[in-house]
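J.: I'd like to go over a predicted model; first the sequence, then the structure.
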Amino acid sequence: MITKDEVFKYHLGGKIELGLLKELTGQKDLSMAYTPGVSMVTEAIEKDESLAYSLTAKGNLVAVVTDGTAVLGLGNVGAKASIPVMEGKAVLFKAFAGVDAWPVPLEKVSGENGRTDIDKFVDAVIKISGMYGGINLEDIAAPACFEIEDRLEETLDIPVFHDDQWGTAIITLAALKNYCVLAEKKMKDIKVVINGAGAAGLRIAEMIKKSGVLNCVLCDSKGVVNFEREDLNKYKKKHAVETSKKSLQEVFKGADVFIGVSVADCVTEEMVLSMAEYPAIFAMANPVPEIAPEKVARAMKDRKYIMATGRSDYPNQVNNVLGFPFIFRGALDVRASKITFGMKLAAAEALADLAKESEIPENVKKAYGRNFEFGPDYIIPTPFDTRIINWESKRVAEAAIRDKVAAITSLPEKYR
């Protein structure tokens, strides 16, 4: 448990700062860092812009860009109020994968009704992109976030990744793969119910379908996303199903997997009991899940099941920090021009495979105060597992090379 005073003291002065990679102790250092020496480097980059990757910070620098319209579960708090979250993202980039990241909260990119002005946002990101090796989009309201990512991907020659869309989807897919291993079920045979049709829910549906799930029902605040509804945007229409069932409670019956990226306490014990044998409940609403693990345990009693949340104080935390730092690490290491679907799948597969490895590092056990063994309480790795770079980042880099979006086409024998 943490107190408000502790949190504010922790944030006093911010969480990030500018560090120097080179010494500046005398006249010679000054002459090389700035004028006249720096002019030689400037002229070289003018002739060959690719040198910016090796002669400046660009090759290891990511912009964390937001307009503050969908911050955490707080909503449209604005650019300035988003800064602590963007700083936090930068901390995770650096601490877990050695990637330098910097917050870029954009002011005045809202149009009518406080919604994101897509043209202004895209134009602003394009104008600042030259300094960065990648763009991490963050906390941008749907559906604008989809078009923003698509347009920036088409325009820029550096990786663009909206973590709210893809981060949760990648980690969820890894967890789903290992659920199928433990429950001895096949992806093509399971029924999955997703509650929440925002950025995360829609991309989860897309990823699991492309990975073999055939029976997937998506729900939003108005119920089942089906063909009868006339209020669906083009993104939801892609996942509409033919069914007479209209409520979340109805489609819960017989489901193998529930994936929640929605609101607290929208699932009851009775709904969980109506699921198929050996179900998985991924209740990932934060900070309060769709159903508390204690309630699931009470309802299931002696029945087998797997529980996951978005919280760190329960087993199986589905957390984006397992994704974005390591995905960008792999992309930057080969100077990828984009993050392909193949790279996203590679990240999910790497995490699923790593959880099945038997040798768990001592620092991981120490960080969580318990042992780990592949099973219902450990289906995905923890963020403090130092092996993730050698698994996830490396496979992402290899996928970039396979997908022909990498400027560097071979990795060192001993990666990172």
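T.: Perfect, thanks for sending it. Given the structure is predicted, the values throughout are model-derived calculations rather than measurements.

J.: pLDDT weak spots in the chain?
T.: For the chain, the stretches with pLDDT under 70 are 109-114.

J.: which SS class is residue 344?
T.: Under the three-state scheme (DSSP: H, G, I helix; E, B strand; the rest coil), residue 344 adopts helix.

J.: can you pull the contacts of it?
T.: For residue 344, the contacting residues are 166, 169-170, 207, 327, taking CB atoms under 8 Å, 6 or more residues apart in numbering as the criterion. C-betas here are computed from N, CA, C, even on glycine.

J.: before we move on, what about residue 99?
T.: Listed by CB under 8 Å, 6+ apart, the contact partners of residue 99 are 60-62, 93, 325, 328-329, 332.

J.: any chance of TSV for those residues, columns neighbour count and distance to residue 262?
T.: Converted to TSV, the contacts of residue 99 look like this (neighbours: other CB atoms under 10 Å; distance: CB to CB, whole Å):
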residue	neighbour count	distance to residue 262
60	22	36
61	17	35
62	28	29
93	27	27
325	26	26
328	27	27
329	25	31
332	26	33
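
J.: can you put these in a markdown table and add secondary structure and distance to residue 407?
T.: Written out in a markdown table, the entries for the contacts of residue 99 read as follows (DSSP: H, G, I helix; E, B strand; the rest coil; distance: CB to CB, whole Å):
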| residue | secondary structure | distance to residue 407 |
| --- | --- | --- |
| 60 | helix | 14 |
| 61 | strand | 16 |
| 62 | strand | 17 |
| 93 | helix | 21 |
| 325 | helix | 21 |
| 328 | helix | 15 |
| 329 | helix | 16 |
| 332 | helix | 11 |
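
J.: now these in TSV, with distance to residue 147?
T.: Formatted as TSV, the entries for the contacts of residue 99 read as follows, by distance: CB to CB, whole Å:
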residue	distance to residue 147
60	29
61	25
62	21
93	25
325	26
328	22
329	27
332	25
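
J.: farthest pair within those?
T.: The most widely separated members of the contacts of residue 99, counting by CB to CB, are 61 and 325 (13.4 Å).

J.: related to what we said a few turns ago, which one of the contacts of residue 99 is nearest residue 118?
T.: Distances from residue 118 to the contacts of residue 99, taken as CB to CB, are shortest for residue 62 (21.6 Å).

J.: relative to residue 214, how far out is the closest one?
T.: Taking CB to CB, to the nearest Å as the measure, residue 62 and residue 214 are separated by 36 Å.

J.: sorry, back to before: just the contacts of residue 99 now: which is nearest residue 141?
T.: The shortest gap between residue 141 and any of the contacts of residue 99 belongs to residue 62, at 21.5 Å (CB to CB).

J.: residues touching that closest one, list them.
T.: Taking CB under 8 Å, 6+ apart, we find residue 62 in contact with 93, 99-102, 132-136, 328, 332.

J.: now with 10 Å, please.
T.: The neighbourhood of residue 62, defined by CB atoms under 10 Å, 6 or more residues apart in numbering, consists of 89-90, 93, 97, 99-102, 104, 132-136, 158-159, 161, 324-325, 328-329, 331-332.

J.: could you list which of the residues you listed belong to helices?
T.: Counting by DSSP state H, the members of those that fall within helices are 89-90, 93, 97, 324-325, 328-329, 331-332.

J.: now tabulate these in a markdown table and tack on distance to residue 234.
T.: Rendered in a markdown table, the data for these read as follows (distance: CB to CB, whole Å):
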| residue | distance to residue 234 |
| --- | --- |
| 89 | 29 |
| 90 | 33 |
| 93 | 32 |
| 97 | 34 |
| 324 | 26 |
| 325 | 32 |
| 328 | 29 |
| 329 | 33 |
| 331 | 28 |
| 332 | 32 |
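
J.: need the contact list for the nearest residue to residue 325 once chain neighbours are set aside.
T.: If the residues on either side of it in the chain are set aside, residue 325 comes closest to residue 97, at 3.6 Å by CB to CB, 6 or more residues apart in numbering. Taking CB under 10 Å, 6+ apart as the contact definition, residue 97 lies against 60, 62, 321, 324-330, 332, 388-389, 392-393, 416.

J.: common neighbours of residue 61 and residue 325, please.
T.: 93, 99, 101.

J.: would you list every one of the strands in the stretch 1-150 of the chain?
T.: 61-66, 100-105, 134-137 (DSSP state E, counting those that start in this stretch).

J.: which one of the ones you listed lies nearest to residue 10?
T.: Closest approach to residue 10 among the strands of the stretch 1-150 of the chain is made by strand 100-105 (16.9 Å; CB to CB).
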